[in-house]
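Here is my input; please provide its structure:
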Amino acid sequence: QPSGQKTATGVHQFCRDVMLVYTQITGSTPGLGGISAIENYMTPFEGLWLASLKLISPNATILQAREILRRASNRR
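Modelled structure (predicted):
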């Protein structure tokens, strides 16, 4: 096994699955929020992803959800 970070963990696949469902339902690409003038702003996809993530990790935060999304979509 090559050294380095493992990229295909179960939670990353779960994230990709939620992304696929979102895309199929809305026809839109899942958006990723960031620093916004509105405190605690989440894109519609982030709201769905955070709610889904809380099913397996009840204490998950939006920051954790965004990091998982970035890794799952190879943005990191």
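
Name the secondary structure element that contains the residue nearest to the spatial centre of the chain.
The structure's the chain has its C-alpha centroid closest to residue 69; by CA atoms, centre = their mean the separation is 3.1 Å. In the assignment (DSSP states H and E), residue 69 maps to helix 62-72.

thinking again about what came up before, the residue nearest to the centre of the chain touches residue 31, doesn't it?
No - Residue 69 is beyond contact range of residue 31, at 10.0 Å (criterion: CB atoms under 8 Å). Every C-beta, even on glycine, is put in place using the N, C-alpha and C of the backbone.

which residues of the chain score low on pLDDT?
1-8, 34-37, 76 (pLDDT under 70).

From residue 30, how far off is residue 16?
10 Å (CB to CB, to the nearest Å).

Counting neighbours, go ahead and name the busier of those two.
residue 30 (21 against 15; other CB atoms under 10 Å).

so which strand or helix has the residue lying closest to that one once chain neighbours are set aside?
Leaving aside its chain neighbours, residue 30 sits nearest to residue 45 (3.8 Å; criterion: CB to CB, 6 or more residues apart in numbering). Using DSSP H and E, residue 45 maps to helix 44-56.

Now do that helix: which elements does it pack against?
Packing partners of helix 44-56 (3 or more CB pairs under 8 Å, 6 or more residues apart in numbering; DSSP states H and E): helix 10-26, helix 62-72.
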